[in-house]
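Engineer: sequence and predicted structure are below.
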Amino acid sequence: MDTALNHQLDHQLFHIRMANTPGTRKSAGLLLQKMYGWRGYEVDTHDQHAPNRITLYAEAEGATVGTMSLCLDDAGVGLPADENFRDKLDDLRSRGRRLCEPSRLAIDRHVSKRVFASLIHISYIYAHNIHGYTDYIIEVNPRHVMFYKRMLGFKDFGGERHCSRVQAPAVLLRLELEYMGRQIDKFGGMMEQREGERSFYPYFFAREDEPGITARLMEGKD
């Protein structure tokens, strides 16, 4: 993603919804296939919906413009990153950390930073505020590592290994959700009035917006 990208969607209405029907999951999968294919990655968009995973999608003017999935660690299912980094994740689990994994992220190249930030913030509310998870872990291509470090504050955790799901190298990164909460408190809702802050946190919702979003998530509403 071009972090300098600005688009008319900065001034447009878009909706973040839960992809909880076959039709909405298919739309999210088509965007995923488009964006991953453009990068030359292989991705299975037809895998069965996992019981420990939610999928969010952003819609603007009737088009799906962003999607991401959030997998919650479950003893019976585990996380996608277990396939390549099980030893690293088990170390965190042994320390009492509760893990979740944002994955299958795809953002249309022509939409705003607000779409990306909104998807991440809603996944944070769902994981941390509602379910009490403590850490994000992600597998990213080595060339995207600095983006996630600079824009969200992820840290190195598991080194680089081959990711069998996309047939490309992957680096395991970790972000403590307590840190994310502090950044939301400090910068959330500031938008362009961010006084030199280069991360995505000014494009998150303001902290006072979280109770309403949390209530709608718990009620299963868009």
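Structural biologist: Looks like it arrived, so ask away. This structure is a prediction, so every number in the text was calculated from the model and none was measured.
Engineer: going on from the lowest-mean-pLDDT helix or strand in the chain, what's the next piece of helix or strand?
Structural biologist: Here the helix or strand of the chain ranked lowest by mean pLDDT, DSSP states H and E is helix 22-38, holding a mean of 52. Scanning forward in sequence from helix 22-38 by DSSP states H and E, the next helix or strand is strand 53-60.
Engineer: following that following strand, which helix or strand comes up?
Structural biologist: Past strand 53-60, the next helix or strand by DSSP H and E is strand 63-72.
Engineer: and that next one, what's buried?
Structural biologist: 64-72 (16 or more other Cβ atoms under 10 Å). Using the backbone N, CA and C atoms, a C-beta is placed for each residue, glycine as well.
Engineer: and the two most separated of those residues?
Structural biologist: Spanning the widest gap among the buried residues of strand 63-72 are 65 and 72, at 24.9 Å by Cβ to Cβ.
Engineer: could you pull out the helices for this protein?
Structural biologist: Assigned helices in the chain, in chain order: 22-38, 82-94, 113-124, 145-152, 177-187, 210-219 (criterion: DSSP state H).
Engineer: compare these and report which one is nearest to residue 139.
Structural biologist: helix 82-94 (6.8 Å).
Engineer: check which helices and strands that closest one sits against.
Structural biologist: Packing partners of helix 82-94 (3 or more Cβ pairs under 8 Å, 6 or more residues apart in numbering; DSSP states H and E): strand 99-107, strand 135-140, strand 155-163, strand 168-176.
Engineer: which residues does residue 148 contact?
Structural biologist: For residue 148, the contact set (Cβ atoms under 8 Å, 6 or more residues apart in numbering) comprises 138, 140, 154, 173.
Engineer: for residue 159, same thing?
Structural biologist: 171-172.
Engineer: now with 6 Å?
Structural biologist: By Cβ atoms under 6 Å, 6 or more residues apart in numbering, the contact list for residue 159 is empty.
Engineer: check the one 10 residues further on too.
Structural biologist: Neighbour list for residue 169: 142, 160 [criterion: Cβ under 6 Å, 6+ apart].
Engineer: all numbers from here: first residue = 12
Structural biologist: Taking 12 as the first residue, the last one we looked at is residue 180.
Engineer: what's the pLDDT at it?
Structural biologist: For residue 180, the model assigns a pLDDT of 89.
Engineer: so what's it bridging to?
Structural biologist: For residue 180, the beta-bridge partners under DSSP bridges are residue 173.
Engineer: where's it relative to residue 165, distance?
Structural biologist: As for residue 180, its distance to residue 165 is 17 Å (criterion: Cβ to Cβ, to the nearest Å).
Engineer: same check on residue 211?
Structural biologist: Going from residue 211 to residue 165 by Cβ to Cβ gives 12 Å.
Engineer: could I get the helices and strands packed on helix 93-105 as JSON lines with distance to residue 130?
Structural biologist: Conversion of the helices and strands packed on helix 93-105 to JSON lines gives the following (distance: least, Cβ to Cβ, whole Å):
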{"stretch": "strand 110-118", "distance to residue 130": "8"}
{"stretch": "strand 146-151", "distance to residue 130": "13"}
{"stretch": "strand 166-174", "distance to residue 130": "21"}
{"stretch": "strand 179-187", "distance to residue 130": "15"}
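Engineer: enumerate the positions of stretch 141-150 that are buried.
Structural biologist: Buried residues in stretch 141-150, counted by 16+ other Cβ under 10 Å: 144-150.
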